[in-house]
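Visitor: dropping the sequence and predicted coords here.
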Amino acid sequence: MRALCLLLLFPLLACGQFFKYSTFYTSFSLETSMAERDNYIAIAKGYEDVTVINPYDYNLTIGIRKIARFDYEYKVKTWYYGTERTVSDNVTIGNANGWEYLFNYSFIRHRGEKFNNADFWLRHLGNKTVNKLQYKDNERVGLEYRSVDTRYRINKGAWDFTIGLVGRNHPVYGITPIEDLWIPGEQTFAQLAAEFGYSTAFVNGNWHWYNDEELIATSNDEFYKHYFGDAVASYNERELEKLGTQNEISAVLGVSYYKWTPKLWIHIWYNLLPLHYGADDYSFKYGVESSDWAEWDAGVVLGSRITKHLGLFVEGTHQRYWMIPVYEVKFGFNYLLF
């Protein structure tokens, strides 16, 4: 009976250890949005103010994290909001062996545009291996993927070297469906608009444009400026969604260096994906040049306390998957006045 009780309690005990020292957080922020530049359009015998007035910006974030801090990172002493952007969250080799994870989801409205950002990852770091599962959806830049990353690890003091494979599942990238539908010179913009479901009528010397019999523009200029581009973008989105997600396997090589002292610290990592195999019909088509095949995920954290008063810092990350760059750089100095 005692053995049976221990067996039944084991999953709960394991779960408790798994979440030990983790932080669950949620936060909501609200602020005035940016005031846009005044905008006007000409109408019969005058003009009309069409300046966009953005509603308030907001950010609702929910998540849980368990990530060992590096020596150069400060402990959160009050509240964790989830909007903090710690460069070291992107590293392959953490500061402690074992399980680490981040599950962060944000609902955002910025300058009237609504989008969601998701970053979920689970990593196990061992003496000889690194394994990581990740789902990332950065709607702000249009990058989404799921990945399974498994590598062999070699540690040499401050240096870490890894080699392995990463499997990724992602939407179709590098294809523009409108290019197959419309060939410049063979079809006019008006004919293309008609295929999208728009209709026209010549009224009082101007072309009026309709969408499902609803008047949306009273001139060609107004239609092509405000509606035609959205129609093309919507068509591309619909066609790409029909193609589903694609699967890809890539080789990955990684190197990282971490050294910390009270007066100088440096943390650099670089993950190179040089070879790829697309398993589906619409997998990403890499270019013919060798540089077109290279994808990477890199970062640097550099800080120095030059004197008791002066300190300098440089932090940044750069990632390029499927020719979509995502990067962030921060640098500056602090001078303490006594």
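Guide: Sure, I can see it.

Visitor: quick one, helices of the stretch 151-300 of the chain?
Guide: Counting by DSSP state H, counting those that start in this stretch, the segments of the stretch 151-300 of the chain that form helices are 178-181, 189-195, 220-223, 229-242, 290-293.

Visitor: for the last one, C-alpha coordinates in CSV please.
Guide: It refers to helix 290-293. Taking Å, rounded to 0.1, in the frame of the first residue of the first chain, the C-alpha atoms of helix 290-293 are listed here in CSV:
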residue,chain,number,x,y,z
SER,A,290,25.6,29.8,-50.3
SER,A,291,24.8,32.9,-48.3
ASP,A,292,21.1,32.5,-49.2
TRP,A,293,21.1,29.1,-47.4
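
Visitor: and that helix, what's buried?
Guide: By neighbour count with 16 or more other Cβ atoms under 10 Å, helix 290-293 contains no buried residues. C-beta coordinates here come from the backbone N, C-alpha and C atoms, glycine included.

Visitor: quick one: average confidence on that helix?
Guide: For helix 290-293, the mean pLDDT works out to 78.

Visitor: with adjacent residues omitted, what lies nearest to residue 52?
Guide: Closest residue in space to residue 52, ignoring its immediate chain neighbours: residue 36 at 4.7 Å, by Cβ to Cβ, 6 or more residues apart in numbering.

Visitor: so which strand or helix has that neighbour?
Guide: Counting by DSSP states H and E, there is no helix or strand that carries residue 36.

Visitor: buried sites along the longest strand seen in the chain?
Guide: Across the chain, the strand with the greatest residue count (assigned by DSSP state E) is strand 245-260. When burial is assessed from 16+ other Cβ under 10 Å, strand 245-260 yields the following buried residues: 246, 248, 250, 252-258, 260.

Visitor: what does stretch 126-133 give?
Guide: 130, 132.

Visitor: hmm, back to that, chain center to the longest strand of the chain: distance?
Guide: A distance of 17 Å separates the centroid of the chain from that of strand 245-260, by Cα atoms, centre = their mean, to the nearest Å.

Visitor: stretch 156-169 too?
Guide: The gap between where stretch 156-169 is centred and where its chain is centred comes out at 21 Å by Cα atoms, centre = their mean.

Visitor: outside of that stretch, which residues touch it?
Guide: For stretch 156-169, the external contacting residues (Cβ atoms under 8 Å, 6 or more residues apart in numbering) are 92-93, 130, 145-155, 245-259, 271, 273, 321.

Visitor: can I get the CA coordinates of that stretch in CSV?
Guide: As requested, C-alpha coordinates have been extracted for stretch 156-169 and formatted as CSV (Å, rounded to 0.1, in the frame of the first residue of the first chain):
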residue,chain,number,x,y,z
LYS,A,156,35.1,23.8,-22.5
GLY,A,157,35.2,26.2,-19.6
ALA,A,158,33.6,29.5,-20.7
TRP,A,159,32.9,28.0,-24.2
ASP,A,160,30.1,25.8,-25.3
PHE,A,161,29.8,24.1,-28.7
THR,A,162,26.7,22.3,-29.9
ILE,A,163,25.8,20.3,-33.1
GLY,A,164,22.5,18.7,-34.0
LEU,A,165,19.3,18.9,-36.0
VAL,A,166,16.3,21.2,-35.7
GLY,A,167,12.9,20.3,-37.2
ARG,A,168,10.6,23.3,-38.0
ASN,A,169,7.0,23.6,-39.0
